[in-house]
Structure formats: C-alpha cells, structure tokens
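# let's see this in three dimensions:
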Amino acid sequence: MKKSVVFFVFMGLMAGAGVFAQSLSASRSVELSFTYTRQGGFGSNQFAVWITDAQGNHVKTLYATRFTASGGYAKRPQSIPDWVKQSGIASMSKTQVDALTGATPRTGSLRYRWDGTDQAGAAAPAGEYRVFLEASLRDQNRVLYSAPVQLGASSAPVELEPRYFGGDTKVRAMISGVKVFSTP
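Numbering: from 1, shown residues only. Modelled structure (predicted):
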C-alpha cells in the first residue's frame with residue numbers, strides 16, 4: 001500500500017512537471033506581422049515565413065503558399081527561391097507539405113507565430129535564431145526580410161527593412177509594415 005501511494009504521488013509530480021514544462025515552452029514565441037496586399041499579374045502572391053538557427057540551418061517553416069510548396073518551385077524556379085533551397089521542400093512528403101502550406105490569403109494584416117518548436121515538433125533551445133519572410137512580387141521581382149530573434153527573451157516589435165531583387169519598383173506594394181517581436 002505504501003509503495004502504491006509513493007508511486008501515485010511520484011506520477012502526480014511528474015505530470016505536474018510536464019504541464020509546467022508545456023506551459024513554459026508555450027509561452028516562448030516569436031511573432032512576425034505584416035500587411036499583405038494581393039497583387040494582379042503573373043508570378044505574384046507567393047511567400048513563405050521560416051526560422052533558421054544562428055548557423056543558418058532551417059528550423060521550421062511557419063507558412064508557405066501552396067502553389068510554390070506543392071511543386072510550383074519546379075515550374076517557376078524564381079518563386080521564393082531562398083525558402084525553396086533552405087526548406088528542403090523537394091524531399092518532403094505530401095503530408096509534410098500540407099502541414100505548412102495554405103491558400104494565398106486575402107489582402108489584410110497577417111500574423112505568423114513561431115512556438116519555439118522545430119519542424120518535427122520538438123522544443124528548440126533558447127538562444128539566437130533568424131526569422132525570414134520572402135515574397136515573389138511579380139516575374140523576377142521579389143523581396144526578402146530577415147532579422148535575428150532571441151527565443152526565450154522578450155523584445156519590443158521591430159520593423160524590418162526590405163531587400164528587393166529585380167528593378168520593377170511598381171510591384172513593391174505586396175508586403176509592407178513587417179514587424180517581429182519575441183516573448184520569454
């Protein structure tokens with residue numbers, strides 16, 4: 001009887017520790033927000049949001065437009081090429097691709113939150129990471145936003161500066177007001 005009580009007390013403590021660990025990891029997050037304005041024209045409206053570790057290794061894709069992720073990268077190699085290369089999308093199963101993609105959203109404010117886990121769902125250690133947002137604007141034109149973030153630390157929202165590729169300045173309205181912040 002005494003052993004049974006000790007066992008159940010021990011199991012209760014372990015379950016409580018698990019709940020505490022889950023709530024602790026759930027509170028660590030990085031959030032990226034921006035205004036998205038859907039564009040007309042060929043080769044536009046494709047984007048991806050992802051996280052790398054401090055060494056540049058892909059940790060997790062938070063979102064990618066379905067066309068590119070579902071094979072559009074082979075038909076249209078200029079569609080979010082940095083993410084395609086970084087993510088390893090070509091070697092993912094259909095189930096894995098479906099888990100990180102969605103239809104192209106409507107115009108409006110968008111938010112993507114990283115919960116501090118890797119692509120397999122395991123908790124990533126606290127430390128420095130990098131958040132990316134890449135978008136294909138139209139034809140050969142694209143934009144890349146990137147910033148270091150600290151997982152496990154709090155930061156105020158910071159507006160990111162765009163890095164444009166391609167010379168057509170008229171197509172740059174698709175992504176604007178990109179901000180990132182983290183919570184401990």
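# name the element the closest residue to Phe34 other than its chain neighbours belongs to?
Computed as Cβ to Cβ, 6 or more residues apart in numbering, the closest residue to Phe34 that is not its neighbour in sequence is Val178, at 4.2 Å. Backbone N, C-alpha and C define where each C-beta goes, glycine included. Using DSSP states H and E, Val178 sits within strand 175-183.
# and if you look at Asp82?
Here Asp82 sits within helix 81-87, counting by DSSP H and E.
# and the contacts of that helix?
Contact with helix 81-87 is made by 48, 50, 52, 58, 61, 64, 68, 73, 77, 89-90, 132, 134, 142, 144, as judged by Cβ atoms under 8 Å, 6 or more residues apart in numbering.
# now, the residues you listed that are in strands?
48, 50, 52, 58, 61, 64, 132, 134, 142, 144 (DSSP state E).
# got the contact list for the fourth one?
Spelled out, that is His58. 50-52, 86-88, 119.
# can you list these in JSON lines and add pLDDT?
Rendered in JSON lines, the data for these read as follows (pLDDT from 0 to 100):
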{"residue": "Trp50", "pLDDT": "97"}
{"residue": "Ile51", "pLDDT": "97"}
{"residue": "Thr52", "pLDDT": "98"}
{"residue": "Gln86", "pLDDT": "95"}
{"residue": "Ser87", "pLDDT": "95"}
{"residue": "Gly88", "pLDDT": "93"}
{"residue": "Gln119", "pLDDT": "92"}
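# just the closest of those residues to Arg106, please.
Closest approach to Arg106 among the contacts of His58 (Cβ to Cβ): Trp50, at 21.7 Å.
# who's in contact with the closest one?
By Cβ under 8 Å, 6+ apart, the residues touching Trp50 are 58-62, 64, 83, 86-87, 131-132.
# Gly72: neighbouring residues, count only.
Residues contacting Gly72 under the criterion other Cβ atoms under 10 Å number 18.
# low-confidence bits of this structure, can you list those?
Confidence mapping of the chain against pLDDT under 70 gives the ranges 1-27.
# coming back round to it: buried ones among the ones in strands among the contacts of helix 81-87?
Buried residues within the ones in strands among the contacts of helix 81-87, defined by neighbour count using 16 or more other Cβ atoms under 10 Å: 48, 50, 52, 58, 61, 64, 132, 134, 142, 144.
# now render these as CSV, adding distance to Thr104.
Below are those laid out as CSV (distance: Cβ to Cβ, whole Å):
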residue, distance to Thr104
Ala48, 12
Trp50, 17
Thr52, 24
His58, 22
Thr61, 16
Ala64, 11
Phe132, 18
Glu134, 14
Arg142, 15
Leu144, 18
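# this completes my enquiry, with thanks.
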